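Structure, please.
(chains A and B)
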Protein chains: 2
Amino acid sequence: MTEEHLHVRKGAAASHDGMTAPPRKTFRKKTAAPPDLNAIADGVVNGSVKELAKAITFIESNAASHYNYGQDLLQKLLPHTGKAIRIGITGVPGAGKSTFIESFGMMLCDAGYRVAVLAIDPSSSISGGSILGDKTRMERLAKHPNAFIRPSPSGGTLGGVHRKTRETLALCESAGFDVILIETVGVGQSEFIVRSMVDFFMLLTLTGAGDELQGMKKGIMELADAIVVNKADGANKPLAEKTKREYNQILHFLQPATKGWQSKAYTCSALKNEGMESIWSVIEEFRETAEKSGVLQERRRSQTREWLHTLIMEQLQNHFYRHPYVKEQIGRLEQGAMDGTITPSQAAEQLFKHVYGQD
Amino acid sequence: MTEEHLHVRKGAAASHDGMTAPPRKTFRKKTAAPPDLNAIADGVVNGSVKELAKAITFIESNAASHYNYGQDLLQKLLPHTGKAIRIGITGVPGAGKSTFIESFGMMLCDAGYRVAVLAIDPSSSISGGSILGDKTRMERLAKHPNAFIRPSPSGGTLGGVHRKTRETLALCESAGFDVILIETVGVGQSEFIVRSMVDFFMLLTLTGAGDELQGMKKGIMELADAIVVNKADGANKPLAEKTKREYNQILHFLQPATKGWQSKAYTCSALKNEGMESIWSVIEEFRETAEKSGVLQERRRSQTREWLHTLIMEQLQNHFYRHPYVKEQIGRLEQGAMDGTITPSQAAEQLFKHVYGQD
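Residues are numbered from 1 along each chain as shown, chains lettered A, B, ... in the order given. Modelled structure (predicted):
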């Protein structure tokens, strides 16, 4: 893997993240002939990390022509997707996500699996840079020939980050990666976004369930196919076991995240490399169970359908809220509604009349 | 209260639920001069249930002119809203919601409070009739001069039912009702809708927390400001107390539904009229706490702001999904995305190009 994988592309003024219509023209000189998309696609299918990185760069690019190349490539590669197990990982800051992914990923890579690590970090939309997927956080894994680490795409809206990660996941699958790990820091709606694109969702946590849970986002536990209490080593081990039991008690009462699968809590020590094999066994058992019952296939189909409607909704909102009249009036109308001088229905109708010229 | 309150208006072919532009013409003969909206508004403010029912009928009507009368009335009445305590009640079928509301409502009415009972029943969108708010379910309460019972509005989309209930709530407040109870059967997203329009949200349940919870919708417990275990009478009482303790254990770990308020579990017997006063004390304490901290005022303001954006989103979706091209193509594109012959991004763009004529 070369340094360019981690290069953060700064978008042009008019960003294209799939949320708005591509600009008709780009004001940059044509520097080269169009890329040979068939050759790139062939390279990806044959497992070339170099061609994969090229394809991802198109998917992540904010230039309209690149965006179109990316979509064409993706369409060519779609028939080769679907074979990996997609695993989402979230957890509070300090839970040890990087250490876990490095330890877990190394075990899989050493066993011969090819592992791709992606990330969704909504804060990268704001800062323009990503704190996740940094190779320095996972130095050993980054050097492993079976591993591919890609930081969270940056720039554009959260919807853009969402689309780019989802499409990168498909590209990695078509390149023959067996395991896709998607990490998130859990800012904003990012856990729900990751849950909507993975088969198995894991919550990494620490001892002290009570305190942890109090700070936990609402509904997160109910998304998890497994809760893993990390740092179960040394003097902390008995406490971690106690925390595990507390989580199991709560999980027992909650609806399962996946039909036919009882989510449970486990302990591990990513630092000491303990418990990694048993977590992988749990995931393998999950896959077997969910494939047999058809729940996995159904989940993937409905995830794709929902993904289409999410894209539509995001585009609709962008189209509406970026309209000059809406941008100018929305604050005043919100205020009016909150102050009780206009009904929300009237406020909405006023905006619609101007944007869509109805009535 | 007269029988007309329960009359379910059957909409014309082109229904107007605030989700689409009002039809330009209605094909019914003009039967009367336009209503005197100022007189109706004055009547409502003076507490006339007859004028209130008239106003609600406009709000619920599917005719464009009536819809506009309703909005004008609502705007006139908005300054008189905001004084009631808004309580949402949900629970599994069999939990005894009707009995609870009758018992609780009677206690309040006898104490001199004026109580309005509304309902959100999404199934009424499908069946055209409502199973909630039926006077026969709350015979004693329906006859009390301090009570006003209105069934779930029917016809149109869930968005329409949502808007109508929300606006009816405002009308009831302007008519001087002190307590608004909004009941829901918990179909679809209805608990989330009710939560988005009330101050205090209560989950009514039964003994056997484990089993109950397994069948409980995800995230519902985290919406509740109180969980009330009903039917705590006779031989069932010790079991109900045990269930209460189990709920309290879980609630302790969950994030509070309202900042600064620890949600707890309680027992009651609606049938035996036991525990009603203590539940009312809890709600009064909640109101005092949340008003003092400003959380209540902030909740109401943000509910109004979110309500405006919910209306916008619903209208955007209706505008898009009712477009003839979208209606014709969406099924094929969904299938293509699920089968992997087209990327969801391409499918979304194809629809957008046709609807909004973008590049």
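
so how many other residues sit close to A:Lys83?
Other residues lying near A:Lys83 total 10 when counted by other C-beta atoms under 10 Å in any protein chain shown. For the C-beta atoms, the positions are set from N, CA and C on the backbone; glycine is no exception.

give the contact list for it.
A:173, A:176, A:178 (C-beta atoms under 8 Å, 6 or more residues apart in numbering or on different chains).

how much space between the closest residue to chain B within the stretch 51-200 of chain A and A:Ser65?
Closest contact between the stretch 51-200 of chain A and chain B, by C-beta to the nearest C-beta, is at A:Leu78 (4.0 Å). Look at A:Leu78 and A:Ser65: by C-beta to C-beta, to the nearest Å, they are 21 Å apart.

For the biggest helix by length in chain A, name the packing helices and strands.
Counting residues, the longest helix found in chain A (DSSP state H) is helix A:295-321. In terms of contacts (3 or more C-beta pairs under 8 Å, 6 or more residues apart in numbering or on different chains; DSSP states H and E), helix A:295-321 is packed against helix A:158-174, helix A:276-293, helix A:324-339, helix B:295-321, helix B:324-339, helix B:344-356.

Check the offset of it from the chain's centre.
On the basis of C-alpha atoms, centre = their mean, to the nearest Å, helix A:295-321 sits 14 Å off its chain's mean C-alpha point.

Kindly report the same for stretch A:105-117.
19 Å.

Next: stretch A:320-340.
32 Å.

mean confidence for it?
For stretch A:320-340, mean pLDDT is 95.

Next: stretch A:152-160.
75.

all helices in the stretch 151-300 of chain A, in order from the N-terminus.
Counting by DSSP state H, counting those that start in this stretch, one finds helices in the stretch 151-300 of chain A at the ranges A:158-174, A:190-195, A:209-214, A:237-253, A:276-293, A:295-321.

Of the contacts of A:Lys83, which is the most crowded?
A:Glu173 (20 neighbours).

There's contact between it and A:Glu167 in this structure, I believe.
No: the criterion here is C-beta atoms under 8 Å, and A:Glu173 misses it with A:Glu167 at 10.8 Å.

sorry, back to before: looking at the helices and strands packed on helix A:295-321, which one is packed in the most?
Highest mean neighbour count among the helices and strands packed on helix A:295-321 (mean count of other C-beta atoms under 10 Å in any protein chain shown): helix A:158-174, with a mean of 24.

For chain B, see how far away A:Glu277 is.
Distance, A:Glu277 to chain B, by C-beta to the nearest C-beta, to the nearest Å: 30 Å.

how about that residue, what does it touch?
Going by C-beta under 8 Å, 6+ apart, the list of residues near A:Glu277 reads A:Met107.

per-residue pLDDT, it?
97.

how far away is it from A:Asp110?
A:Glu277 is 12 Å from A:Asp110, by C-beta to C-beta.

Next, count neighbours for A:Met106.
When neighbours are counted by other C-beta under 10 Å, A:Met106 comes out with 19.

Look at A:Ile87 and give its secondary structure.
Look at A:Ile87: counting by DSSP: H, G, I helix; E, B strand; the rest coil, its state is strand.

which stretches of chain A have low pLDDT?
Residues of chain A meeting the criterion pLDDT under 70: A:1-32, A:123-136, A:155-156, A:208-216, A:358-359.

and it, what are its domains?
As assigned by automatic domain parsing, chain A contains the domains A:81-292, A:300-356.

need those in TSV with distance to B:Ala119, can you?
Listed next are the domains of chain A as TSV, based on distance: least, C-beta to C-beta, whole Å:
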stretch	distance to B:Ala119
domain A:81-292	25
domain A:300-356	20
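
For B:Val228, which of these is the nearest?
B:Val228 lies closest, by C-beta to C-beta, to one member of the domains of chain A: domain A:81-292, at 17.4 Å.

ok, and of the contacts of A:Lys83, which contact chain B?
With C-beta under 8 Å from any C-beta of the partner chain as the criterion, the contacts of A:Lys83 include none near chain B.

Which stretches in the stretch 51-200 of chain A count as strands?
Per DSSP state E, counting those that start in this stretch, the stretch 51-200 of chain A carries strands over the ranges A:85-91, A:115-120, A:147-149, A:179-184, A:200-205.

Need the winner for burial among these.
strand A:115-120 (a mean of 28).

Quick check: closest non-adjacent residue to A:Gly188.
Closest residue to A:Gly188 apart from its sequence neighbours, by C-beta to C-beta, 6 or more residues apart in numbering or on different chains: A:Pro122 at 4.7 Å.

Can you name the residues that contact the one you found?
So A:Pro122 contacts A:158, A:161, A:187-190 (C-beta under 8 Å, 6+ apart).

One more pass at 10 Å, please.
A:152, A:157-158, A:161-162, A:184-190, A:193 (C-beta atoms under 10 Å, 6 or more residues apart in numbering or on different chains).

One more: A:Val117?
A:89, A:98, A:101-102, A:104-105, A:132-133, A:138, A:141-142, A:147-151, A:172, A:177, A:179-183.

Can you get me a residue count around the closest residue in space to A:Arg299 that isn't next to it in sequence?
Residue nearest to A:Arg299 in three dimensions, not counting chain neighbours: A:Asp199, with 6.8 Å by C-beta to C-beta, 6+ apart. Counted with other C-beta under 10 Å, the neighbours of A:Asp199 add up to 22.

So A:Ala257 sits against A:Glu191, correct?
No: A:Ala257 is not in contact with A:Glu191 according to C-beta atoms under 10 Å; the separation is 11.6 Å.

Show me the common contact partners of these two, please.
In contact with both A:Ala257 and A:Glu191: A:201, A:203, A:223-224, using C-beta under 10 Å, 6+ apart.

Tabulate the residues you listed (TSV), appending distance to chain B.
Formatted as TSV, the shared contacts of A:Ala257 and A:Glu191 follow (distance: C-beta to the nearest C-beta, whole Å):
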residue	distance to chain B
A:Phe201	13
A:Leu203	14
A:Leu223	8
A:Ala224	11
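
of these, closest to B:Thr304?
Among the shared contacts of A:Ala257 and A:Glu191, and counting by C-beta to C-beta, the member closest to B:Thr304 is A:Leu223, at 29.4 Å.

Hmm, A:Gln189 and the closest one touching each other?
No: using C-beta under 10 Å as the test, A:Leu223 is too far from A:Gln189 to be in contact (11.6 Å).

Looking at these two now, which is surrounded by more residues?
Remark: of A:Leu223 and A:Gln189, A:Leu223 carries more neighbours, 22 against 16, as counted by other C-beta under 10 Å.

Once you drop chain neighbours, what's closest to that one?
Looking at A:Leu223 with C-beta to C-beta, 6+ apart, the closest residue is A:Arg195, at 4.8 Å.

show me the contacts for the one you found.
A:Arg195 neighbours (C-beta under 10 Å, 6+ apart): A:88, A:90, A:182, A:184, A:189, A:201, A:220, A:222-225, A:257, A:303.

Now find how far off-centre stretch A:150-161 is within its chain.
That offset, for stretch A:150-161, works out to 9 Å (C-alpha atoms, centre = their mean).

Please disregard the earlier target; I meant stretch A:159-178.
9 Å.

next one: stretch A:89-102
The answer for stretch A:89-102 is 15 Å, by C-alpha atoms, centre = their mean.

Look at the closest residue to A:Lys54 other than its chain neighbours and say how many residues are nearby.
Nearest residue to A:Lys54 in three dimensions, chain neighbours excluded: A:Ile40, at 5.6 Å (C-beta to C-beta, 6+ apart). By other C-beta under 10 Å, the residues close to A:Ile40 number 22.
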